[in-house]
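Asks: here's my sequence, what's the structure:
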Amino acid sequence: MICTLCPRSCNVERAQEEGRGVCGAGMLPKIARAALHFDEEPVISANGGSGAVFFSGCTLGCKFCQNEPISHGGHGKEISSDRLREIFLSLIDEGVTNINLVTGTHFLPSILPALEPKLPVPVVWNCGGYEKPETIERLRGKVDIFLPDLKYADNALAKGLSAAPDYFQVATAAIREMFRQTGPYRMEGGQLRSGVLIRHLLLPGELENTRRCIDWVAETFRPGDVLFSLMSQYTPQPGAEGNLARQVTKAEYRAAVQYMENC
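Replies: This is a model prediction of the structure:
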């Protein structure tokens, strides 16, 4: 397959188990972990835990990634679409709240068959936000909840930290497509059943970037359209320099929360 799944549009040939694109992935889904996961937002994890399936590889190159062995280290095992379906059903038998597909864009052609017929629990598409709308369109009717990041409104920052100088334009177009598919979010018993939950990680020293991300969400959507999660758990990674070598301060997070509440 000549791959154009993500905004990189590498246009390289991908074999079953290897590829020469940015993600380095072949066509077979490569799974690093599949298990109950309680560390998502409470409306995602809920009481039963989220059935998280972590795919190996990533289309972004974030310098602050906390899952480096999975995202860029090649950790994982190749499986078939049929085996992926079996994993979904096994997690559902354990009582999970949903099936949470974490960073699966580069394996989309092999994931889609595993989502048919429709699963009896909501399906979550958990991604970094760097998605092509036409790729997201292929998930219509198969995904109930979109869980994208909106990492940057500052493309210079996106270029320096994630090697994605077009991040803001790409991510906002993708999020609009996600909302077109789901419409306003829907909750049942404290659990998100459908809709879009946008996540943003506050980076140390980058409060203005956070304000601009919040501004876009407030200007694009009406109250009740989407959920927004403002995260403070940035963790410095080995080799981090400058502001990235420290954690977010309480004052920075309070300022971000106050700004969000005033929008």
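Asks: mind showing which ranges of the protein have poor pLDDT?
Replies: Within the chain, the stretches with pLDDT under 70 are 16-19.
Asks: and the helices in it?
Replies: Here the chain has its helices, by DSSP state H, at 42-45, 68-71, 81-93, 108-111, 133-137, 155-162, 167-182, 207-220, 250-262.
Asks: those into JSON lines, with extra columns for distance to Pro29 and mean neighbour count?
Replies: (C-beta placed from N, C-alpha, C; glycine too.) Listed next are those as JSON lines, based on distance: least, Cβ to Cβ, whole Å; neighbours: other Cβ atoms under 10 Å:
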{"stretch": "helix 42-45", "distance to Pro29": "21", "mean neighbour count": "19"}
{"stretch": "helix 68-71", "distance to Pro29": "13", "mean neighbour count": "18"}
{"stretch": "helix 81-93", "distance to Pro29": "5", "mean neighbour count": "16"}
{"stretch": "helix 108-111", "distance to Pro29": "5", "mean neighbour count": "19"}
{"stretch": "helix 133-137", "distance to Pro29": "16", "mean neighbour count": "16"}
{"stretch": "helix 155-162", "distance to Pro29": "23", "mean neighbour count": "17"}
{"stretch": "helix 167-182", "distance to Pro29": "21", "mean neighbour count": "20"}
{"stretch": "helix 207-220", "distance to Pro29": "31", "mean neighbour count": "17"}
{"stretch": "helix 250-262", "distance to Pro29": "36", "mean neighbour count": "14"}
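Asks: CSV please, covering these and showing distance to Ile2.
Replies: Below are the helices of the chain laid out as CSV (distance: least, Cβ to Cβ, whole Å):
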stretch, distance to Ile2
helix 42-45, 34
helix 68-71, 23
helix 81-93, 20
helix 108-111, 12
helix 133-137, 15
helix 155-162, 24
helix 167-182, 20
helix 207-220, 33
helix 250-262, 42
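Asks: now for those, which one comes closest to Pro120?
Replies: Closest of the helices of the chain to Pro120 is helix 81-93, at 6.6 Å (criterion: Cβ to Cβ).
Asks: can I get that closest one as CSV, trimmed to CA atoms?
Replies: Taking C-alpha atoms only, helix 81-93 is exported to CSV below (Å, rounded to 0.1, in the frame of the first residue of the first chain):
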residue,chain,number,x,y,z
SER,A,81,-7.4,-8.0,12.2
ASP,A,82,-9.2,-11.1,13.4
ARG,A,83,-7.0,-11.3,16.5
LEU,A,84,-7.6,-7.6,17.1
ARG,A,85,-11.4,-8.3,17.1
GLU,A,86,-10.8,-11.1,19.6
ILE,A,87,-9.0,-8.7,21.9
PHE,A,88,-11.9,-6.2,21.8
LEU,A,89,-14.4,-8.9,22.7
SER,A,90,-12.2,-10.2,25.5
LEU,A,91,-11.9,-6.7,27.0
ILE,A,92,-15.7,-6.3,26.8
ASP,A,93,-16.1,-9.6,28.6
